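S.K.: Attaching a predicted model along with its sequence, questions to come.
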Number of protein chains: 2
Amino acid sequence: MESQDLRKVGLKVTLPRLKVLEILETTDHRHMSAEDVYKALLEMGEEIGLATVYRVLTQFEDAGLVSRLSIDGGHAVFELEDGSHHDHLLCVRCNRIEEFVDDVIEQRQRAIAVEKGFEMTDHSLYIYGICRHCQSS
Amino acid sequence: MESQDLRKVGLKVTLPRLKVLEILETTDHRHMSAEDVYKALLEMGEEIGLATVYRVLTQFEDAGLVSRLSIDGGHAVFELEDGSHHDHLLCVRCNRIEEFVDDVIEQRQRAIAVEKGFEMTDHSLYIYGICRHCQSS
DNA sequence: GGTGTAAATGAGAAAGGTTTTCATTTATAT
DNA sequence: ATATAAATGAAAACCTTTCTCATTTACACC
């Protein structure tokens, strides 16, 4: 059923690709590292190589199926692309990731790029803090 | 003359620390990686180990003397702390880094953290793009 | 349905930036 | 001066990610 999704973006339909997609679609953790995906697949009894997971995730990113977040100075996490641009809040205690959209910030960013003579290609905004849950525990 | 700065933050005054500080204070590149600092010192004829540069920069960061920028998915760069909070624009062609301050964005970030129940500890915002210089060349 | 071919995979090696280990040296308090 | 805890340098270890290359697989074509 996702075979079409893969073909649509010019990727051959292979078991590893289907399985990675399945993990991303069925996990309760919207944000997963390559390692997370790899371990989830092993736990499901799938045989897959870590290098393949990295390759597939990168292909998915290029194809616009997922987006990659580069968390401060460390590993990357991936999220299924749902077409909505958003930025992220990260809990420094439990690593929970929440999403938000703010048009005011989006607009200011564009204005700043113009002011500084930059042709903006991308931006990344992370708010770090302690989430509600961790504050009370 | 910077010996006091080091003592003030509880660091012994050692040659490597003085030299790293000197590089950061005298370079025309406000943003330098550990490797950059290391190479600059070697070129000055100083003997220093790369591990020491990393250690010293991390200590300076902890002491509030420098701040560390974690550039998208790669190495870190350091800048002398001048007390002013600012964010960064990065040129994806030439790696030039420019700084900006925007109170509207700062305020929106605080508001979003509150809305989401986060106690904000930090944030990072990078605008990526093509700088004026690179657009015209 | 076979079959050829280019693409995909897996295992392990390699890369790149950063941190750790540990023996040696050094700064500072006494 | 001297003792002691801290700092240093070199090399090894680390960690995430990418690359290499021999083997396997998907898909277009007959």
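M.R.: Here it is on my side, so go on.
S.K.: just checking, A:S84 touches A:S67?
M.R.: No: in this structure A:S84 lies outside contact range of A:S67 using C-beta atoms under 8 Å: 10.4 Å. Backbone N, C-alpha and C define where each C-beta goes, glycine included.
S.K.: Which helix or strand contains A:S67?
M.R.: Assigned by DSSP states H and E, A:S67 belongs to strand A:66-70.
S.K.: same check, this time on A:V104
M.R.: helix A:103-115.
S.K.: and the angle from that helix to helix B:103-115?
M.R.: 160 degrees (axes from the mean of the first three to the mean of the last three C-alpha atoms, to 10 degrees).
S.K.: Quick one: mean pLDDT over helix A:103-115.
M.R.: Per-residue pLDDT over helix A:103-115 has a mean of 98.
S.K.: so what secondary structure elements neighbour that helix?
M.R.: strand A:119-130, helix B:103-115, strand B:119-130 (3 or more C-beta pairs under 8 Å, 6 or more residues apart in numbering or on different chains; DSSP states H and E).
S.K.: With only the CA atoms kept, save the longest one in CSV.
M.R.: Looking back up the chat, that one is helix B:103-115. What follows is helix B:103-115, C-alpha atoms only, in CSV (Å, rounded to 0.1, in the frame of the first residue of the first chain):
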residue,chain,number,x,y,z
ASP,B,103,13.7,41.3,19.9
VAL,B,104,10.4,40.2,18.3
ILE,B,105,11.7,36.7,17.7
GLU,B,106,13.2,36.6,21.2
GLN,B,107,9.9,37.5,22.7
ARG,B,108,7.9,35.1,20.6
GLN,B,109,10.2,32.3,21.6
ARG,B,110,9.6,33.0,25.3
ALA,B,111,5.9,33.2,24.7
ILE,B,112,5.9,29.8,22.8
ALA,B,113,7.8,28.2,25.6
VAL,B,114,5.2,29.4,28.1
GLU,B,115,2.4,28.2,25.9
